[in-house]
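>>> Pasted the sequence and its predicted model underneath.
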Amino acid sequence: MQKQITPEIVDINVCDELNVYPNPSEGIFLVKYSLDKEFETAEIKFTSSDGKNVESYKLTELASEIKINCKSCITGSYLITLYTNGEILCSCAVHINK
């Protein structure tokens with residue numbers, strides 16, 4: 001059984017590895033990420049405020065941009081978390097307003 005990890009929420013302006021916009025949004029976010037070193041595995045997870053995984057994105061480049069489309073998600077707070085080698089590197093709170 002996989003251990004549930006609750007990342008520390010940091011202010012979006014403090015999280016240097018992630019740039020998420022617009023925030024708040026109606027359900028579509030652009031996520032720019034940058035990693036300063038090589039990694040074995042990296043992914044971005046989009047989770048609801050109760051910890052349920054909404055979407056996961058495997059990363060293969062040191063820097064790029066992904067689009068998260070969650071138009072079907074309800075209004076509320078969510079987390080976008082960047083993992084490298086299974087450990088949390090950075091996490092940012094985002095908000096969906098409909």
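Structure received.
>>> contacts for stretch 49-59?
Around stretch 49-59, the neighbours that count as contacts under CB atoms under 8 Å, 6 or more residues apart in numbering are 4, 6, 33, 35, 41-48, 66, 68, 70, 73, 76-79. All C-beta spots, glycine's among them, are computed from the backbone N, C-alpha and C.
>>> mind listing what's buried in it?
Buried positions in stretch 49-59, judged by neighbour count with 16 or more other CB atoms under 10 Å: 57, 59.
>>> Same question for stretch 85-98.
Counting neighbours by 16+ other CB under 10 Å, stretch 85-98 gives 89, 90, 91, 92, 93, 94, 96 as buried.
>>> Could you tell me which of those residues belong to strands?
Among those, the subset assigned to strands under DSSP state E consists of 89, 90, 91, 92, 93, 94, 96.
>>> any idea of the mean pLDDT for stretch 43-61?
For stretch 43-61, mean pLDDT is 95.
>>> Actually, stretch 71-86.
94.
>>> Could you work out the end-to-end span of it for me?
The first and final residues of stretch 71-86 sit 28 Å from each other (CA to CA, to the nearest Å).
>>> how far does it sit from the chain's center?
Here the centre of mass of C-alpha atoms in stretch 71-86, compared against the chain's by CA atoms, centre = their mean, to the nearest Å, lies 5 Å away.
>>> same check, this time on stretch 63-74
Taking CA atoms, centre = their mean, one finds the center of stretch 63-74 at 9 Å from the center of the full chain.
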